[in-house]
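In: Quick one: sequence and predicted model below, then my questions.
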Amino acid sequence: MAQKRYECDAVDMGYFNVAPACFSASVVVKATPAQIFEVFEDAHAWTVWADPIQGVEWTSPKPYGLGTTRTVSMSGGMVGEEVFIAWDPGKRMAFRFTHASMDSVSAFGEDYQVEDLGNGEVKVTWTMAMSPKGISKIFMKLFGFMMGMMLRKFLKQFKAYVEQRYNTVA
């Protein structure tokens with residue numbers, strides 16, 4: 001039996017400036033912008049560095065770009081269907097949910113910015129934005145501060161994964 005999907009509001013890049021709940025974190029990684037995007041495109045890699053992600057299925061063929069779709073399965077049974085609203089290889093990618101298996105957000109998006117710092121290092125900034133609804137509004141007010149902590153933890157894991165993958169650990 002197919003899992004019910006709840007439609008999410010269509011948002012664009014401006015959403016990251018106006019979302020009711022928005023969290024951001026950055027990390028410096030010893031890698032090239034191209035290597036960062038190789039990891040972003042690797043479905044399995046997401047399951048290694050982002051603990052809640054159990055599986056990623058690209059539902060659009062390569063080459064990926066604006067309008068590319070994928071389905072992400074997360075712990076707790078959450079499934080998000082995504083469409084990419086920004087795709088600038090080596091610099092930026094962002095997606096929004098089109099549908100979610102839980103009716104807890106009316107809109108959700110993530111934005112990943114990659115800044116080449118030179119000397120084989122990049123700064124990766126991850127922004128997560130959402131419009132919680134129902135009980136999720138209460139949860140966000142009580143525990144929203146934990147989202148920033150989680151982003152920082154996952155970015156540390158991302159850094160370790162990338163640097164180990166490309167053997168750039170000092």
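Out: Arrived safely.
In: got any ranges where the protein has weak pLDDT?
Out: In the predicted model of the chain, residues 1-2, 169-170 satisfy pLDDT under 70.
In: hmm, 90 instead?
Out: 1-3, 134-145, 148, 167-170 (pLDDT under 90).
In: got a list of contacts for stretch 14-24?
Out: For stretch 14-24, the surrounding residues in contact (Cβ atoms under 8 Å, 6 or more residues apart in numbering) are 11, 94, 96, 107, 109, 111, 125-132, 140, 144, 147-148, 151. Any C-beta I mention is one placed from the backbone N, CA and C, and that applies to glycine too.
In: Can you flag the buried ones in those residues?
Out: 11, 94, 96, 107, 109, 111, 125-132, 140, 147, 151 (16 or more other Cβ atoms under 10 Å).
In: measure the nearest residue in space to Gly77 that is not next to it in sequence to Gln3 for me?
Out: Residue nearest to Gly77 in three dimensions, not counting chain neighbours: Ser101, with 6.7 Å by Cβ to Cβ, 6 or more residues apart in numbering. In this view, Ser101 and Gln3 are 5 Å apart by Cβ to Cβ, to the nearest Å.
In: who has more neighbours, these two?
Out: Higher neighbour count among Ser101 and Gln3: Ser101, with 19 against 10, using other Cβ atoms under 10 Å.
In: coming back round to it: can you pull the residues that touch both of Ser101 and Gln3?
Out: Contact criterion Cβ under 8 Å, 6+ apart; residues shared by Ser101 and Gln3: Gly77, Val79.
In: and Gly67, helix, strand or coil?
Out: At Gly67 the chain is in coil, as set by DSSP: H, G, I helix; E, B strand; the rest coil.
In: Next, the contact list for Val72, please.
Out: In this structure, Val72 makes contact with Trp46, Ile53, Gly55, Val56, Glu57, Val79, Gly80, Glu82, judged by Cβ under 8 Å, 6+ apart.
In: Just the element for Lys156, please.
Out: Using DSSP states H and E, Lys156 maps to helix 145-165.
In: Report how many residues lie close to Trp87.
Out: Quick note: Trp87 (other Cβ under 10 Å) scores 18 neighbours.
In: typo on my end, Ile138
Out: Residues contacting Ile138 under the criterion other Cβ under 10 Å number 10.
In: What is the helix or strand containing it packed up against?
Out: Per DSSP H and E, Ile138 falls inside helix 135-143. Applying 3 or more Cβ pairs under 8 Å, 6 or more residues apart in numbering; DSSP states H and E, one finds that helix 135-143 makes contact with strand 121-132.
In: Alright, that wraps it up for me.
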